[in-house]
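> Have a look; sequence and predicted model below, questions after that.
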Amino acid sequence: MNVQQVHATGFRNIGRLELDLPREGAIFLGPNGQGKTNLLEAIYYPVLFRSLRSARDTELIRHGESGFRVRLDLTDPTGPRSIEAGFLAAGRRKRVAVDGAEPARMNDALGVWLAVAFLPSDVALISGGASERRQFLDRALALSDPRYLRNLRHYRAAIEQRNAALRKGDAPSAAAFDPLVARYGAPVIAARLAWAERCGPAWRDVCATLGEPMAVSFAYRGRPELVDPDAWPAALADARGRDLATAATSVGPHRDDLTLSLGQVPLRVAGSTGQQRTAAIALKLVEWDTLAEASGSPPALLLDDVFAELDRDRQDRLAARLLHTPGCQVLVTAPRPDELPDALHLPVFDVIRGEVTRRTAPRAA
Amino acid sequence: MAAIEDLVGELSKLPGIGRKTAQRLTYHLLQQPRERMNRLARVLDTVAERVASCPECGNFCEGERCAICSDSRRDGSVLCVVEEASAVGQVERSTTYKGRYLVLGGRLSPLEGVGPEQLRIGLLRHRVGAGEVREVILATNPSLEGEATATFVHQLLAGMGVRVSRLARGLPVGGDLEYIDGVTLSHALEARQEVP
C-alpha cells in the first residue's frame, strides 16, 4: 500500500498541503527548519493516530489554527482507500475516518495504513534505555496483531492498578490483580520471544547487508518461563516483598529488554556512531519486514536524514537495499542533495516554509 | 446568574453529564411550569430523606430493610455479590435467581483510591460468617477491576467453608458466532460444557 496523495492542513508549519506522491517514493530536500520532518510526521500520523515524535496533539497544531487534519489517499491492490485524522483544540476532539467512514473504535483504524519511520533520534534504540526497545517491540507487534495490542493494554492497566495498591502498602488488593497481570502478561512475553527468535537472524543479515562487518546479535532479556500464566503466581509471590518495598512490580514484560551486541560487547558501549546508526536502521528494516509479513502488503518507509553520519559505502548499501525492497514507497529527507548517495534515484521535492514543490530539474542542480 | 450557575454546576457533577448537557437541562427546566420544578425538588428531597442502604445487603431501601432481604421466600443459602445496587435489578431480570444479594458499593480500583475499606467487605464477611450462606456467586462486572474484585472476594472467602462461583462469560443468547469478538469467544471456549 502506498500514498497517492497527502492532504494536510494546520499541521506543524504546514498551512495547507495537497501533494501527489510518486508510487516509488520521493526525496524531500530543504534547509533545516523548513518542515521536512513535519511532512513525514504528518504522513505517519494516521499509522498510530499520534505523533511520531511523541508530541501532544495540541503541539501539532499550526500556530493560530484551531486544529489540524491529515488525509491520505492510498492505493491498495483491492482499490483506492483513504485514511483521515483530525484534531480540534476545542474539547481536544480527535476524529478518525477510514474510507470516509468513522470506525466504531479508533483501534479499528489501526493497521489500515502502515509505515515505518526512521528519525535521527531513533539511534536511541541502540544507545538509549530499555524503554526505547520495549516501545519499538510493542509498536511492531501491536501493528502486526490486534490481539497483542489488546493484551498489552490490559496488562498495562493491571500493572498500574497493582502498583497503585503497592504504593498504599495494600498487599491483598495488589494480589487481586496478580491473575490479570499473569493472564495478559504471558501472551505479551510469548509474542516478543517469538519475534526475537524469528527476527534475530534477519537483523544480523540486514546489518551485514548495510556494511557491518562484525557479528551482531540480539537476545530477549526477560524471564521466558513467564510465557506460561501458571508460572506467574510463584514469580509474583517471590517478588512481593521487594515490590511492596519499592512500590512497583518488578516482574513482567514491562521490565524486559532486547540486548543488542557487537561481538560479545553491548552495541551501546562498543558501537561507533555509524555502527549504532546502522544497527538502528536495520531494526527499522526488520520492523518493516514484520509489518509487511503480517499485513501482506509492503508498508511505506519514511526516512528522515537517514544517510547522515554513514560512510559512503554504508550509504550506497542502504540506497541499494531501499531500492530493492519490492513494492515499497520510500520517502527520504535530506538537507542537501550531496548528502544522498548517487544511486538513490527518486523524484525530488523542495520543502520551503512548509510548502512542497516537485522539482523538474535533476537532483544535483 | 448565580442561581442558574448553581444548578448547572450541580447537574454537571452527575455521571455522563458534561457542562453543555447540564446547561441544556437547566434551560429546559426553566421553561417548565413552576409546579413541575417544585415536584422535582420535592421528589429529590423525599428520596434523600427516605432512601437509605439496607443494613443487610447494601441495596437501596425505603424501610428498615430492602424488599429482597425482607422476603422470607428468598433462599438465604445463596448470596450474589454485585458491584452496585443497579446490578441487583439486572440479576432480578433473569427471574431464575431466588437467593439474596450483597452490594459491595463499588469495585476494587487502587488508582481511584478504592480499596477494600471503601467496599462492604466487612458486611460480606459478616454475612458469610453467620453460617446460613452455602454459596457465594460473584457477579462483578467482567472488567479488569471487576475481575480483580472477584479475585479479592474469592481469596477473602477461602477457608470460610462456602462454595464460591463466578458468573459464566460467553455467547449471548440469540447471538451469532460471526459477530462475537475473539476474547468473548475464547472465554466461551474455556467455559465450554459437556452436552448432557
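Nice, I can see it. Everything quoted here is computed from the prediction, not taken from an experiment.

> Quick check: residues of chain A near chain B?
Counting by C-beta under 8 Å from any C-beta of the partner chain, chain A comes close to chain B at A:147, A:150, A:154, A:157-158, A:160-162, A:164-165, A:167-168, A:170, A:172-180. C-beta here means a position set from N, CA and C on the backbone, and glycine is covered the same way.

> Just the buried subset of those residues, written out for PyMOL, thanks.
Burial among these is assessed by 16 or more other C-beta atoms under 10 Å in any protein chain shown; the matching PyMOL selection reads:
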select buried, chain A and resi 150+154+157+158+161+162+164+165+170+173+174+175+176+177+178+179+180
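
> Could you list which of the residues of chain A next to chain B belong to helices?
Judged by DSSP state H, the residues of chain A next to chain B include A:147, A:150, A:154, A:157-158, A:160-162, A:164-165, A:167, A:172-176, A:178-180 as members of helices.

> Now residue 141: closest residue in space, sequence neighbours ignored.
All of this is about chain A. A:Tyr148 (4.4 Å; C-beta to C-beta, 6 or more residues apart in numbering or on different chains).

> ah, I was thinking of chain B
Per C-beta to C-beta, 6+ apart, closest to B:Asn141 is B:Glu83, 6.1 Å.

> what about the one you found, distance to B:Glu62?
Distance, B:Glu83 to B:Glu62, by C-beta to C-beta, to the nearest Å: 22 Å.

> So the two - more neighbours on which side?
B:Glu83 (21 against 14; other C-beta atoms under 10 Å in any protein chain shown).

> from memory the residue nearest to A:Leu141 sits against A:Ala190, does it?
No - applying C-beta atoms under 8 Å as the test, A:Tyr148 and A:Ala190 come out as separate, 9.7 Å apart.

> ok, these two, which is more surrounded?
Each of A:Tyr148 and A:Ala190 has its neighbours counted (other C-beta under 10 Å); A:Tyr148 has more, 21 against 18.

> Give the other helices and strands that the helix or strand that contains B:Thr184 contacts.
Element membership for B:Thr184, per DSSP states H and E: helix B:182-190. Counting contacts by 3 or more C-beta pairs under 8 Å, 6 or more residues apart in numbering or on different chains; DSSP states H and E, helix B:182-190 is packed against no other helix or strand.

> pLDDT averaged over it - what is it?
What helix B:182-190 shows for mean pLDDT is 82.

> Please point out which parts of that helix sit buried.
B:187-188.

> and that helix, how far from the chain's centre?
25 Å (C-alpha atoms, centre = their mean, to the nearest Å).

> got it, and stretch B:62-77?
Worked out by C-alpha atoms, centre = their mean, stretch B:62-77 lies 17 Å from the chain centre.

> and the end-to-end length of it?
Stretch B:62-77 has an end-to-end distance of 25 Å (C-alpha to C-alpha, to the nearest Å).

> Which stretches in chain A count as strands?
Remark: strands assigned in chain A by DSSP state E are A:2-11, A:14-20, A:25-29, A:67-76, A:79-88, A:93-98, A:115-118, A:216-221, A:257-262, A:265-266, A:300-304, A:330-334, A:348-352, A:355-358.

> Outline the domain layout of the chain.
Just going to use chain A. Taking automatic domain parsing as the reference, chain A has its domains at A:1-114+A:297-365, A:123-296.

> Hmm, no, I was thinking of chain B.
B:2-50, B:74-166.

> would you list those domains in TSV and tack on distance to A:His324 and mean pLDDT?
Output for these, formatted as TSV (distance: least, C-beta to C-beta, whole Å; pLDDT from 0 to 100):
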stretch	distance to A:His324	mean pLDDT
domain B:2-50	54	93
domain B:74-166	46	96
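
> any chance of those in a markdown table, plus distance to A:Gly67?
As requested, the domains of chain B are exported to a markdown table (distance: least, C-beta to C-beta, whole Å):
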| stretch | distance to A:Gly67 |
| --- | --- |
| domain B:2-50 | 19 |
| domain B:74-166 | 31 |
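
> which one of those has the most crowded surroundings?
domain B:74-166 (a mean of 18; mean count of other C-beta atoms under 10 Å in any protein chain shown).

> Any idea how far apart the tips of that domain sit?
Using C-alpha to C-alpha, the two ends of domain B:74-166 sit 20 Å apart.

> Distance-wise, check the closest residue to A:Asn2 other than its chain neighbours relative to A:Met1.
Nearest residue to A:Asn2, sequence neighbours excluded (C-beta to C-beta, 6+ apart): A:Gln329, at 3.7 Å. Distance, A:Gln329 to A:Met1, using C-beta to C-beta: 8 Å.

> Common neighbours of those two, please.
Common neighbours of A:Gln329 and A:Met1 (criterion: C-beta atoms under 8 Å, 6 or more residues apart in numbering or on different chains): A:298, A:300.

> For the residue nearest to B:Glu135 when sequence neighbours are not counted, which residues are in contact?
Leaving aside its sequence neighbours, B:Glu135 sits nearest to B:Arg163 (C-beta to C-beta, 6+ apart; 4.4 Å). Counting by C-beta under 8 Å, 6+ apart, B:Arg163 makes contact with B:134-136.

> Point out the residues in chain B that sit beside chain A.
Residues of chain B lying near chain A (C-beta under 8 Å from any C-beta): B:108-111, B:115-116, B:144-145, B:147-149, B:151-152, B:155-156, B:182-183.
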